[in-house]
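Visitor: Quick one: sequence and predicted model below, then my questions.
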Amino acid sequence: MNEKDFIEIDIDEIEPIELSDWEKINIEKSVLRSSSTKKYVFKKWKWVSIVAMLTCIFASSSIWLPVVANRVPIVQQLLNSNDNPQLQVFSDNASTINQIDESNGTSIELAEAFFDGTIVSVSYEMKHEQSIDEPPLFWKGDLEVNGNKLDVLSHQIVKKNEATWIGMFTARISDKVIDEKINVQWRPQDFIGMENTTLVEGAWDFQLELTPTRAYSRKVNIPFGNDQYQLFYNQITEGKYITTLYFEGNLDWETEFLMVDIKDNLGNVYENVGATTIKSGSGRVNGYVEVFIPDSTIRTLIITPTIRIVDEKTLERKELVPLPSINISLK
C-alpha cells in the first residue's frame, strides 16, 4: 500500500458532533420521506435507520500536493474520534489522492479514496478563511461515477477547530460488482449546518480515477417471513468494505420497514444495521441490507428480521412484527 499523508494536527482538538433527540427525529423523517433523483424517478427510497455518520460548501482551480512523510491521513484522524473498524479497512486499502481546490476563500483537499467494486468512499479536509461556530451536517452538490449521478449513503464530518473540518462520505455505485477502473467527479456546492443554514458555499470540482479491490457477487434464493410477509434474499455481494444482502417481498413502502438484528458464527453482534427499500409495485418492494464483516474467518450470518409498522403521516411506531431467524452463508 502506498504511504498516505495529510495535514498534521493535534488529535486533542478533534470534536465529535452530537445530535439532540429533536434533530435525530427530523433527520429520520426527512430521509425517510426523501425520493431518488436518479433516472428511475418513479422509484422511492427510504432508510430504516437514522443516518449514522454526519456531514459538512464561484471560480476555482485545482493543484496536486506533494507527498509529505509526516502528515496524518484524514481517516486516521477520524479513527481517533470514532473507533470504527470499517474506517481501518478504508485506511488499509485507500489510494492517496491529495488534490486541492479553492472557492470563495475555502479550500477543500480531497485526501484519500477507496472503491471496493460496489461502494466508493472519499475523505477530505476543508479550511476556511474565517471561523465557523455551527457544526456542519451535510453537503449539497453532485457526485458522479462514469457520468452517472449517485446518492450519498452516509456523511461524517468532524470539526478539527473553528476554521477546519475533516470529513468522509460513502456512496453506492452499482448493485453489480465492477471489476474495472471508474472515473469519479465530486462537485460540492453548499455545506449545511444543524439549523438547516448554509454555512459555506462555493463551486469546487474534483476528478479522479479509482481501481477496485476484489469483490464477489452471487445469486441466492433464501426465503424469510411468515404467513403475512413473504420475502427472500436474492443476491449477496461481498467486498472488502461492505457485504450487501439484496431482498424483495410484499411490504407496504409507506408504512412497513424491514429491520434486522445480525450475529455471526463467531459471536459478534452487529449494531445499527439499516435496510434500504425501493418501491417496485403496489405492495411490493426490493432493497438491500449492508453490513461490515470485520473478520475473513466469519462464515455465517444469523439474521433476525422484524417488520416495523409506522403511522404514514407521523412515522411514529405502531407495531413491531418479529419474523423467524435465518442463516446466510458467506464465501
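Guide: Perfect, I can see it now. Numbering: from 1, shown residues only.

Visitor: which SS state does residue 113 fall under?
Guide: strand (DSSP: H, G, I helix; E, B strand; the rest coil).

Visitor: Quick check: bridge partners of it?
Guide: For residue 113, the beta-bridge partners are residue 95, residue 122 (DSSP bridges).

Visitor: That one: how many residues sit nearby?
Guide: 23 (other Cβ atoms under 10 Å). Just so you know, the C-beta spots here come from the backbone N, C-alpha and C atoms, and that holds for glycine as well.

Visitor: which residues sit in contact with it?
Guide: 94-95, 97, 120-123, 184, 208, 210 (Cβ atoms under 8 Å, 6 or more residues apart in numbering).

Visitor: Among the residues you listed, which one is most surrounded by other residues?
Guide: residue 123 (28 neighbours).

Visitor: and stretch 243-250, which residues are buried?
Guide: Across stretch 243-250, burial judged by 16 or more other Cβ atoms under 10 Å covers 243-249.

Visitor: let me fix that: stretch 147-165
Guide: 150, 152-160, 164-165.

Visitor: give me the beta-bridge partners of residue 208?
Guide: residue 184.

Visitor: And for the strand or helix carrying residue 263, what's in contact with it?
Guide: Residue 263 is part of strand 256-264 when elements are defined by DSSP states H and E. Contact with strand 256-264 is made by 46, 48, 231, 247, 251, 269-270, 273-275, 277, 287, 289, 291, 293, 298, 300-310, as judged by Cβ under 8 Å, 6+ apart.

Visitor: Columns pLDDT on top of the contacts of residue 113, output as TSV?
Guide: Output for the contacts of residue 113, formatted as TSV (pLDDT from 0 to 100):
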residue	pLDDT
94	81
95	85
97	89
120	90
121	89
122	92
123	90
184	96
208	94
210	93
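
Visitor: Give me the domain ranges for this structure.
Guide: Domain assignment for the chain by automatic domain parsing gives 11-17+54-210, 216-329.

Visitor: lowest average confidence, helix or strand, in the chain?
Guide: Ranked by mean pLDDT, DSSP states H and E, the weakest helix or strand in the chain is strand 61-64, scoring a mean of 28.
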